[in-house]
Each structure stands twice: as structure tokens, then as C-alpha cells.
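Participant: Structure of the sequence below:
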Amino acid sequence: MRKYLIAVLLGVSILAQAQQPKADPTLKTVLLQGLRETHNEKAWFVSEKEAVAGLTPEQAAWSDGKNHSVGQLVQHLNYWNSANLARLKHQPAPNVANNDVTFAFDPTQWDVALKEFDRVMGELEQFVQSADDTTLAKIAPTIARIAQHNAYHIGEMVTSRKKQGTWNPETGVK
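Facilitator: Residues are numbered from 1 along each chain as shown. Model (predicted):
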């Protein structure tokens with residue numbers, strides 16, 4: 001009888017939660033979702049946090065000779081995310097003549113690169129969080145592209161780790 005009562009209460013609780021109206025998504029929540037899901041929140045695909053989890057500096061520097069290493073991809077995202085954040089804040093942004101330089105990676109700086117990714121993504125998320133509706137409307141295409149660009153390269157990171165044999169399929173991508 002006790003198990004039956006617990007099951008009924010649990011079922012009622014689940015039904016009550018399901019019937020509570022969910023807030024409609026706003027431009028701000030959609031943009032934040034895109035940034036967070038490529039930063040450190042797992043959703044439909046793994047975030048950068050999962051894509052790099054447990055990699056040593058040597059593993060981060062590994063390449064099959066045809067594609068960029070995970071470390072190079074993190075550095076590339078750091079460059080472009082930082083440059084876009086600076087532009088959004090109306091600050092001077094670096095400008096490179098050749099995109100290849102944005103992939104420069106020093107394995108001894110792996111931990112620094114990871115911290116930089118977290119810092120910049122946190123700042124981007126905070127910028128969006130504090131933006132008013134008029135600003136959000138203006139920056140939405142840029143923020144969406146940042147999230148898309150991150151997702152694209154995170155996919156490359158996972159592929160690189162699979163080729164290297166360092167990917168744990170339990171992380172979310174078989």
C-alpha cells in the first residue's frame with residue numbers, strides 16, 4: 001500500500017509540473033541558450049566543456065595531419081569570440097589578415113586556453129543577459145553566429161577525439 005501511495009503521489013507531482021505553463025521563449029533566452037549550450041550546458045549536442053574534458057596538453061595538440069587539433073580549435077574560438085565581444089562592446093578588436101594565425105596553439109598554454117574560453121563565454125553571456133531589448137534586436141544575428149560557429153568547431157573537436165581514440169561515447173555522442 002505504501003509503494004502504491006508513493007507512486008500515486010509521484011505521478012500527481014509529475015502531472016502538476018507538466019501542466020504548469022512554461023514561459024514563452026524570448027529573444028534573450030534563445031540567445032543565452034545558444035551561448036550556454038556551446039559553452040558548458042549539455043543539450044542536443046555536447047558543449048565545449050564536454051568536448052575538451054580530460055584532455056592532456058599533448059592530446060589537445062594531436063592532429064591527424066589533415067585537420068586542426070582540439071587545442072587549435074579552442075584557440076581559434078577564443079580569438080573570434082573575443083574579437084566579437086570587443087566589437088559588441090564598441091572596443092578595439094584585433095584584426096588578422098590571415099585566419100590561419102587564429103589557430104596557433106602552444107600545448108604548454110592548454111589550461112590558459114581553456115580558462116580563456118570560459119572567461120570570454122561568461123562575458124558574452126553576461127553581455128546578452130544585461131542587454132535591453134533594442135540592443136538584443138541589433139546584436140541577435142552576431143550572437144546567433146557566435147553560437148553556430150562554436151557548435152561547428154565543437155563538432156570538429158569531437159571528431160578529432162574520436163580519431164585519436166580519446167573520446168568517451170558516454171559523454172553524449174556515440
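
Participant: what about the most centrally placed residue in the chain, which helix or strand?
Facilitator: In the chain, the C-alpha nearest the mean C-alpha coordinate belongs to Thr38, at 1.8 Å (C-alpha atoms, centre = their mean). Element membership for Thr38, per DSSP states H and E: helix 27-39.

Participant: got the buried residues for that helix?
Facilitator: Residues of helix 27-39 classed as buried by neighbour count (16 or more other C-beta atoms under 10 Å): 28, 31-32, 34-39. From N, CA and C alone the C-beta is placed, and that goes for glycine too.

Participant: nearest to Tyr152, of those?
Facilitator: Nearest to Tyr152 among the buried residues of helix 27-39: Thr38, at 9.4 Å, using C-beta to C-beta.

Participant: That closest one contacts Lys49, doesn't it?
Facilitator: No. Judged on C-beta atoms under 8 Å, Thr38 makes no contact with Lys49 at a distance of 9.5 Å.

Participant: what is the mean pLDDT for the helix holding Thr38?
Facilitator: Mean pLDDT, helix 27-39: 97.

Participant: Grab the nearest non-local neighbour of Gly34.
Facilitator: Ala147 (3.3 Å; C-beta to C-beta, 6 or more residues apart in numbering).

Participant: Now do the SS call for the one you found.
Facilitator: When classified by DSSP: H, G, I helix; E, B strand; the rest coil, Ala147 comes out as helix.

Participant: mind listing what it touches?
Facilitator: Contacts for Ala147 (C-beta atoms under 8 Å, 6 or more residues apart in numbering) come out as 31, 34-35, 37-38.

Participant: Sounds good, over and out.
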